[in-house]
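Q: pasting the sequence and the predicted coordinates here, then a few questions.
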Amino acid sequence: MKNIKIFFLFWSTVILLVPVNLFSQTYKIVDTKQDVFYGNTVSISEPASGSAFYGQDASYSGNQPSYTDNGDGTVTDNVTGLMWSQTCDFNGDGMIDVNDKLSYTNAVAGADTFSLAGYNDWRLPSIKEQYSLIVFSGIDPSGFTGSTDNLIPFIDTDYFGFNYGDEDAGERIIDAQMATTTLYVSTTMMGDETMFGVNFADGRIKGYGTGPMPQQTEDKLFYVYYVRGNTNYGINDFEDNSDGTITDNATGLMWTKDDNGEGLIWQDALEYAESATTSGYSDWRLPNAKELQSIIDYTRSPATTSSAAIDPIFNCSTIIDEGDETNYPFFWSSTTHANWVTNNNGRAAAYLCFGEALGFMEAMPPGSGDYTLMDVHGAGSQRSDPKTGDPADYPNGNGPQGDVVRIFNYVRLVRDVATDVYNSEVIKKDLQIFPNPVDDMLNFNLQNSDDILNYSILNITGQIVINGTCSNQETSGINIEMLKSGIYFLSVETSTKVYFNKFVKK
């Protein structure tokens, strides 16, 4: 409610300066919760602004995940407004295993009769709703064998019931795919009907066939969470600003209309984003995986619309893919896709497929050496690539479906529309912060006011991270030691007005 109050007072004071689209925001993108910094292969100390690897996911705090356990089998996401069923234990035996899984058909149908905590309006989530729960504090266990007790999944298990694949039933550890309502508008593999699902075991979005797996007769099975509330979540509201930028009024994010036009290694992608001044803005960044996934258009694909999986309000480069066909790029996110491998755990970063998610699929039986390039996971998937290296070292791709390895991926920039409000000279002229940049103690002075002051410190997405009350004679020494380095905004509220100013935390 504090955010709402601040923006309402600010609107009444400087109505001509506030972009109207701030008030049509219908949902927020939840941060990935990645707070570890990585170089090309392993974790590193936090890089300073302007240094190598600055601008990665952990450099920006975003809308941190916040949940409420309602004590009735449901969990409310305080950022998105969505309410979730808390566990995948559908048979109620106290365990999450293969016996709780449902086919795609049964998962969809089951929402109609699902009742929990007195609510009957549950639905199977879309891929964007399901992906809102992913956290990249998880570690990919691909290739791991043994006990899963010390593994870290890509979902907050303090609030949600989760388990890996049921090895006792012959499944792999990573067989923890979730069902959604989002079907691929094209097909994968050998013409299979395909559903996009989030895998909270290995931290990916892939397209999964809804029918039987090879050499099986039963449809593939999935874990299920049901969701309710905020039916607008995941629906974009794009506006072309006629200056080379696109604003998504639904999320409050601004994007470049064009991508960068060439493939870059991950470190160069970060540097490109941090130094960009496109359309006169200097606060562009490389989007994290969840921000980038928010602009995937799952109604489009190269095979069905002859386009990238993105709204045509954007321009998208074309590439010649590994099969010498015209296709569309993978785009880097700023998010490291960490793996359990010792001394190499940070070697890969997440990307989103705006073209086909190609793979070199090996013919049966395994070891035949007969590979066919095909769309194995669908345009709209999220996978990962090594941050540096030579794609020629992976002639048959990587993983069980032979995911193509490109390493040189494209970039689309993002920034927060909210910063336009805070950057106004008119609203910050009477509020002075000294010194600026700030180390660990913030000092400010508000001209011409003897009021009791309510102050808040907000991150670049408008989320309050510190607040308090003081008099105008006691405005020294706000401890901000706990804040990460980056851009923040000080809001000071008097009885009649709200003042803003920007500062940089060293």
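A: Thanks, I have the structure now.

Q: contacts, neighbours, all on C-alpha from now
A: OK.

Q: shouldn't residue 129 be within a strand?
A: No. Counting by DSSP: H, G, I helix; E, B strand; the rest coil, residue 129 falls outside a strand, being helix.

Q: that one: how many residues sit nearby?
A: When neighbours are counted by other Cα atoms under 10 Å, residue 129 registers 21.

Q: mind listing what the spatially most central residue of the chain touches?
A: In the chain, the centroid-proximal residue (Cα atoms, centre = their mean) is residue 290; its distance is 1.2 Å. Contacts for residue 290 (Cα atoms under 8 Å, 6 or more residues apart in numbering) come out as 29, 30, 31, 32, 131, 132.

Q: where does this protein dip in pLDDT?
A: 1-25, 214-215, 419-429, 448-452, 460-462, 471-476, 495-496 (pLDDT under 70).

Q: could you chop it up by domain?
A: Using automatic domain parsing, the domain parsing of the chain gives 2-19+422-505, 37-62+239-416.

Q: could you dump the ones you listed into JSON lines with distance to residue 82 added?
A: Output for the domains of the chain, formatted as JSON lines (distance: least, Cα to Cα, whole Å):
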{"stretch": "domain 2-19+422-505", "distance to residue 82": "18"}
{"stretch": "domain 37-62+239-416", "distance to residue 82": "15"}
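
Q: closest to residue 113 out of these?
A: domain 37-62+239-416 (26.9 Å; Cα to Cα).

Q: what is the end-to-end distance of that closest one?
A: 22 Å (Cα to Cα, to the nearest Å).

Q: from the contacts of residue 290, which two are the most distant?
A: Taking Cα to Cα, no two of the contacts of residue 290 sit farther apart than 31 and 131, at 11.1 Å.

Q: just the domains of the chain: most buried one?
A: domain 37-62+239-416 (a mean of 20; mean count of other Cα atoms under 10 Å).

Q: just give the nearest non-adjacent residue to residue 62, would you?
A: Excluding its sequence neighbours, the residue lying closest to residue 62 (Cα to Cα, 6 or more residues apart in numbering) is residue 31, at 5.2 Å.

Q: next: residue 185.
A: Closest to residue 185 by Cα to Cα, 6+ apart is residue 299, at 6.1 Å.

Q: how about that neighbour, what does it touch?
A: Contacts of residue 299 (Cα under 8 Å, 6+ apart): 184, 185, 309.

Q: for residue 371, same thing?
A: Residue 371 touches 360, 361, 362, 363, 396, counting by Cα under 8 Å, 6+ apart.

Q: got it, and residue 35?
A: 57, 58, 59, 137.

Q: list just the nearest of these to residue 97.
A: Nearest to residue 97 out of the contacts of residue 35 is residue 137 (Cα to Cα; 23.3 Å).

Q: might one say that that closest one is in contact with residue 57?
A: No. Proximity of residue 137 to residue 57 does not meet the contact threshold set by Cα atoms under 8 Å, at 11.1 Å.

Q: need the overlap of contacts for these two.
A: 32, 34, 35.

Q: save these as TSV, and put in secondary structure too.
A: Formatted as TSV, the shared contacts of residue 137 and residue 57 follow (three-state DSSP):
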residue	secondary structure
32	coil
34	coil
35	coil
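
Q: including distance to residue 248, could those residues go into JSON lines?
A: Shown next, in JSON lines, are the shared contacts of residue 137 and residue 57 (distance: Cα to Cα, whole Å):
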{"residue": "32", "distance to residue 248": "19"}
{"residue": "34", "distance to residue 248": "24"}
{"residue": "35", "distance to residue 248": "26"}
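
Q: closest one of these to residue 240?
A: Of the shared contacts of residue 137 and residue 57, the one sitting nearest to residue 240 (Cα to Cα) turns out to be residue 32, at 27.2 Å.

Q: how many residues are close by that closest one?
A: Residue 32: 26 neighbours (other Cα under 10 Å).

Q: pretty sure it sits against residue 288.
A: Yes. Using Cα under 8 Å, residue 32 is in contact with residue 288, at 7.5 Å.

Q: shared neighbours of these two, anything?
A: Shared contacts of residue 32 and residue 288, counting by Cα under 8 Å, 6+ apart, come down to residue 57.

Q: need phi/psi at the residue nearest to residue 185.
A: phi -90, psi 0 (degrees, to the nearest 10).

Q: next: residue 269.
A: Torsion angles, degrees, to the nearest 10, at residue 269: phi -60, psi -40.

Q: OK, contacts around it?
A: Counting by Cα under 8 Å, 6+ apart, residue 269 has contacts 286, 332, 410, 411.

Q: those residues: which two are farthest apart?
A: Using Cα to Cα, these span at most 10.6 Å, a distance reached by 286 and 410.

Q: give me the common contacts of those two.
A: 269, 332.

Q: quick one: the helices in this protein, in order.
A: Remark: helices assigned in the chain by DSSP state H are 2-13, 104-113, 127-131, 266-275, 289-293, 302-305, 418-422, 425-428.

Q: coming back round to it: nearest to residue 295 among the contacts of residue 290?
A: Using Cα to Cα, the contacts of residue 290 come closest to residue 295 at residue 29, 11.1 Å.

Q: chain neighbours aside, what residue packs nearest to residue 431?
A: The nearest residue in space to residue 431 (Cα to Cα, 6+ apart) is residue 446, at 4.7 Å.

Q: repeat that for residue 456.
A: Residue 456 sits nearest to residue 467 (Cα to Cα, 6+ apart), 4.1 Å away.

Q: return the set of residues that bridge with the spatially closest residue to residue 377 that is not a sequence neighbour.
A: Nearest-residue entry for residue 377: residue 207, 4.4 Å, with adjacent residues in sequence omitted and distances by Cα to Cα, 6+ apart. Beta-bridge partners recorded for residue 207 (DSSP bridges): residue 196.

Q: show me what contacts residue 207?
A: Counting by Cα under 8 Å, 6+ apart, residue 207 has contacts 184, 188, 194, 195, 196, 197, 376, 377, 378, 381.

Q: count residues in the vicinity of the nearest residue to the third one once chain neighbours are set aside, would you?
A: Excluding its sequence neighbours, the residue lying closest to residue 194 (Cα to Cα, 6+ apart) is residue 209, at 4.4 Å. The burial count assigned to residue 209 is 24, neighbours taken as other Cα under 10 Å.
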